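1. Test case, fold it:
(2 chains)
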Amino acid sequence: EPEVTQTPSHQVTQMGQEVILRCVPISNHLYFYWYRQILGQKVEFLVSFYNNEISEKSEIFDDQFSVERPDGSNFTLKIRSTKLEDSAMYFCASHLTGMNTEAFFGQGTRLTVV
Amino acid sequence: EDQVTQSPEALRLQEGESSSLNCSYTVSGLRGLFWYRQDPGKGPEFLFTLYSAGEEKEKERLKATLTKKESFLHITAPKPEDSATYLCAVRPRGTGNQFYFGTGTSLTVIP
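-> This is a model prediction of the structure:
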């Protein structure tokens, strides 16, 4: 069964360092997302990406964040200068064409900023 | 402001003891309501999509229903393997494709 794949599963980084979280969405999906979940809190939307550009972003997604689809399969989230409060689970999600279909989530990357 | 509230926060059931989880929402028009299951340290796993009031979906011991203000996830004769956090997410009109998630209900089924 097709699935969304995320790497690494766990990343520990020093405050101020750049991190890149990687995702391989389901191959025929066209809409891609990043969400995050701080421990014990709700899953929060960060950004959506369609047709090689950002279609929406939340207030959390400030200038320190960027996304890229560098080739036909990968979708990345970069945090330029990490802060302690960036520590969270980051989930990549994708869905099929059509605006209102369910999204499929990856297993997440646990980012710990020390 | 669009809001999603789930109750209860936590629920402990004996194996075989049926119950319901609630998701109430206040959004400016609902395009879809989605139920997900999340195991500890894992990503949300899709369960159901509901689009209009009166709609029902079933899968094994789970049944999801939708009204104009809330959705219920009914669990019939649960088993220990149903233990997980159940998340409700809505997609309001006019907000693109993003989901708004509730905080979830943590379900524990005791053998």
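2. give the contact list for residue 11.
-> In the absence of a named chain, chain A is used. A:19, A:21, A:109-112 (Cβ atoms under 8 Å, 6 or more residues apart in numbering or on different chains). Placement of C-beta: from N, CA and C, glycine included.
3. wait, I meant chain B there
-> Contact partners of B:Leu11, counting by Cβ under 8 Å, 6+ apart, are B:19, B:21, B:105-108.
4. Show me which residues of chain B sit near chain A.
-> By Cβ under 8 Å from any Cβ of the partner chain, the part of chain B that sits against chain A consists of B:31-32, B:34, B:36, B:41-46, B:49, B:51, B:87, B:89, B:91, B:95-104.
5. Sketch out the low-pLDDT regions of the chain for me.
-> Went with chain A since none was named. A:97-99 (pLDDT under 70).
6. wrong one, I was asking about chain B
-> Applying pLDDT under 70 to chain B flags residues B:1-2.
7. now the strands for it?
-> Secondary structure of chain B by DSSP state E: the strands cover B:3-7, B:10-14, B:19-26, B:30-38, B:45-50, B:56-59, B:62-66, B:70-75, B:84-92, B:100-101, B:105-110.
8. Distance to A:Tyr50 for these - can I get that in a markdown table?
-> Below are the strands of chain B laid out as a markdown table (distance: least, Cβ to Cβ, whole Å):
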| stretch | distance to A:Tyr50 |
| --- | --- |
| strand B:3-7 | 24 |
| strand B:10-14 | 37 |
| strand B:19-26 | 25 |
| strand B:30-38 | 16 |
| strand B:45-50 | 19 |
| strand B:56-59 | 27 |
| strand B:62-66 | 27 |
| strand B:70-75 | 27 |
| strand B:84-92 | 15 |
| strand B:100-101 | 19 |
| strand B:105-110 | 31 |
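9. Let me see the backbone angles for A:Leu84.
-> phi -60, psi -40 (degrees, to the nearest 10).
10. Could you find the closest non-adjacent residue to it?
-> Leaving aside its sequence neighbours, A:Leu84 sits nearest to A:Val113 (Cβ to Cβ, 6 or more residues apart in numbering or on different chains; 5.3 Å).
11. Now stretch A:95-112: buried residues?
-> Buried positions in stretch A:95-112, judged by neighbour count with 16 or more other Cβ atoms under 10 Å in any protein chain shown: A:95, A:101-111.
12. Those: which ones sit near chain B?
-> Applying Cβ under 8 Å from any Cβ to the buried residues of stretch A:95-112, those adjacent to chain B are A:95, A:101-108, A:110.
13. Taking these together, which two end up most distant?
-> Greatest spatial distance among those (Cβ to Cβ): A:Thr101 and A:Arg110, at 27.4 Å.
14. How about the secondary structure of the nearest residue to B:Asn97 once chain neighbours are set aside?
-> Among residues not flanking B:Asn97 along the chain, A:Ser48 sits closest, at 5.6 Å (Cβ to Cβ, 6+ apart). What DSSP: H, G, I helix; E, B strand; the rest coil gives for A:Ser48 is strand.
15. out of the buried residues of stretch A:95-112, which are inside strands?
-> Among those, the members found in strands (DSSP E) are A:95, A:104-105, A:109-111.
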